[in-house]
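Engineer: no sequence on hand, only this structure:
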């Protein structure tokens, strides 16, 4: 299936329409038959696999081990932590029939696995020698959604969820901070998306946590996307599930816990941020195909000779670990091929015809813009990795400028409302930390607290709340949620 | 947690008790809170990851791409293929509530994904240029079970399911054969388990397939374990889901399909086959830890110096890609450490004390038996890979002998019943291929047809059925199912 450029909706005109259109046409995903569900097609799944590979490497180096826990959670387990069940109850899918019989206790399909995992932790932990317990699982989870937004909001999604238990609160906090930093690396170094890092307000934090650390990214329309969270669970769950250990001093204590997750939503944020009117733009580091080679043939081209030359180039690049695809389809015009690979956001296109073959050179163009270039093959091959790295940096720098341009230090309510009704973005402003005030701000401007930035303490002066005028200590980040 | 050898049940006395005991004590798995479910703990999950890595490599080389499809299947989809729904209905888990509301159409949790995938294939395939379509997914599936047997029979399990569509039956058959061969490689080359390969009888084949190719392994008690199946689906599903394509001649045709799956059950078969009274024995190729180093310290040992020597050995081995663990726990006796690693089936144990340090040598012992050996470190390190390979071969050879010893060519019903009530094993015998006869054989002997071996045609003479005496053409394999 090939697509004419003219068929694609314009990002510059309607970003939501463009997004759905480009996700479907670039074959990243498709709608599933059940409301709220989607199919992750190979092109997007390959990106998810590269995120898995990167995160697995980080986690395993730190001693986190992968495991797998059952998907079905007895309703009684979910109810053990009061805040937790309150937060997740409205979103549950519930199995009531199994093997043809009505179940005596209905089973929730996991919306997250704290409760099922911690019922096992209780069995496995008895001494400080069993700690830290550092587990992760890659799996599907279900949270019932009324509206679907491909990747960004789906009833079923894929994620990793790390769950750990520690002997001290200090150790648990170090784990939360570590996971938070891993997520920053995934976003900034792999997906080329700069992040805002901080902690959530009391109303926005995870149901059952004492603190939630968040990664927030900024989308092209100035809206904020919650992109990965790490929770300091304190002893909330260990008390609910009675997970105790004998400490070095010989007394019994409840473990300190953390949980942290990154989902396939991350892909959606990346597609949305980097794409343009021509389609996707994929960062080279995670692009399933980094370079596509399109043979340029005319009626009298010696294709055998040309294909041998192309194979030589492809082989030289593959030997360097570059992911290369040669588009050999003979049923499609060159123009349609160009369009298709542009829609799919392949970072670099090589155009190889008789001219290139005779001159032992390559003609190439980057997906993120710029003129066509030509280099001798001998010079091109050794430079390819640094050229792709440079593109990765360009994409990041562009997003960083976007984030910086749309981050405002605001000190009047008038300015706050003006920004939220025009460019949007991140607003840094003093806030009283009162939930009722937060709610009113949301009703008036659609903006919610995104986070208290990690560096907020430094240089912050006591003042008054941007909205209600009550005393305020910290400058929070506000933004409209995706 | 450490275990005394004496605590472990004996494989030689009661294999079922031993199996449950060793799976729990070696921390491979644990029972989940919901009947039929289990937790796959890190030690077993790491083995599953190495199977994933191997199969991914095989599949990707052949152009099979990973994807992810929704877990919830509308009941109406399952009902589109008559045999399929009949086969899976009794085993379904059904979601009837979502987001707090009763669903208008109940959703099955996937027992397998033919129906959900093929509803999408219909959208994606229109021309022979879209074929072959070669997809795979790694996921969880649910088939309601009354009795749980860790890894071997659980309500929820993990697997990969390959699903492909082709322009011709010939192409589809080549794919089925390829997957069948991949599974052989996984079992024989990775899990060190020899296999019996063949096709299932009409009653034993997959619900909706026209033929099922199977891998059967033989367990220590002479029972047969169905270990991986590949299905020739013909056009059954493409007709039910109306998946058509325009062929090269310009006419419309239904695609030819295959599906094939390998599950976490494979781990269970491996544990069951290789273990002994002392615990697990893991084949080196998939063992998460291939070598454990236990420091041998006495009261007056210079541990700093010893640990430097041990670190040197571990480093040299890791540089060769060997998975090494150094057991530094100071809270446990050497004897308990030995026991624990024996129970966990680590292929090789190194014992390094002052003697080894002073002589620059290593003392080692293989988990599958034999005397302790001693080699200079300089000679040991370069030989380690071939020593581990030799152990891998020994494990396979032992199982191969077991399979050969318990495979019987049988020509009288008396001999058939005698074997099935004593040693069990694989019986090769002429059978009429009548379902009623098959059922009676099962009632009388607990034996079912396992497969028609791939090589059955050669040298086979027409004769009479081993049970009913009616004419029979092929020698089938019979065995008692796990």
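Structural biologist: Thanks, I have it. Predicted model, so just to flag it, every value in this text is computed and none were measured.

Engineer: my read: residue A:100 touches residue B:89, true?
Structural biologist: Yes: in this structure, residue A:100 is within contact of residue B:89 by CB atoms under 8 Å, at 7.5 Å. Glycine gets a C-beta too; all of them are placed from N, C-alpha and C.

Engineer: show me the contacts for residue A:374.
Structural biologist: Contact analysis of residue A:374 by CB atoms under 8 Å, 6 or more residues apart in numbering or on different chains lists A:356, A:361, A:362, A:363, A:364.

Engineer: all strands of the stretch 101-250 of chain A, in order?
Structural biologist: A:101-109, A:133-142, A:156-166, A:196-199, A:211-218, A:224-234, A:244-246 (DSSP state E, counting those that start in this stretch).

Engineer: of the contacts of residue A:374 - the most surrounded one?
Structural biologist: residue A:362 (24 neighbours; other CB atoms under 10 Å in any protein chain shown).

Engineer: what about the helix or strand harbouring that one, average pLDDT?
Structural biologist: Secondary structure assigned from DSSP states H and E places residue A:362 in strand A:361-366. The average of the pLDDT scores along strand A:361-366 is 98.

Engineer: name the helices or strands packed onto that strand?
Structural biologist: Applying 3 or more CB pairs under 8 Å, 6 or more residues apart in numbering or on different chains; DSSP states H and E, one finds that strand A:361-366 makes contact with strand A:348-352, helix A:354-359, strand A:373-376, helix A:377-405.

Engineer: can you do 6 Å?
Structural biologist: Secondary-structure packing of strand A:361-366 (3 or more CB pairs under 6 Å, 6 or more residues apart in numbering or on different chains; DSSP states H and E): strand A:348-352, strand A:373-376, helix A:377-405.

Engineer: ok, residue A:216 - how many residues close by?
Structural biologist: 24.

Engineer: excluding its backbone neighbours, what's nearest it?
Structural biologist: Using CB to CB, 6 or more residues apart in numbering or on different chains and skipping the chain neighbours, the partner closest in space to residue A:216 is residue A:196 (4.3 Å).

Engineer: which bits of the stretch 351-482 of chain A sit near chain B?
Structural biologist: Applying CB under 6 Å from any CB of the partner chain, we find that the stretch 351-482 of chain A lies next to chain B at no residue.

Engineer: quick check: the residue of the stretch 351-482 of chain A nearest chain B.
Structural biologist: When distances are taken as CB to the nearest CB, the stretch 351-482 of chain A reaches nearest to chain B at residue A:481, 19.4 Å away.

Engineer: tell me the pLDDT at that residue?
Structural biologist: pLDDT, residue A:481: 95.

Engineer: show me what it bridges to in the sheet.
Structural biologist: residue A:224 (DSSP bridges).

Engineer: let's check: the centremost residue of chain A is which one?
Structural biologist: By CA atoms, centre = their mean, chain A has its centre lying nearest to residue A:266, at 1.7 Å.

Engineer: circling back to that earlier point, neighbour count: residue A:100 and residue B:89, which is higher?
Structural biologist: residue B:89 (16 against 11).

Engineer: then that one would be within a helix, right?
Structural biologist: Yes: judged by DSSP: H, G, I helix; E, B strand; the rest coil, residue B:89 forms part of a helix.

Engineer: how about the contacts made by the residue of the stretch 151-300 of chain A found nearest chain B?
Structural biologist: Of all residues in the stretch 151-300 of chain A, residue A:156 sits closest to chain B, at 5.6 Å by CB to the nearest CB. Residues in contact with residue A:156 (CB atoms under 6 Å, 6 or more residues apart in numbering or on different chains) are A:37, A:140, A:142, B:70, B:71.
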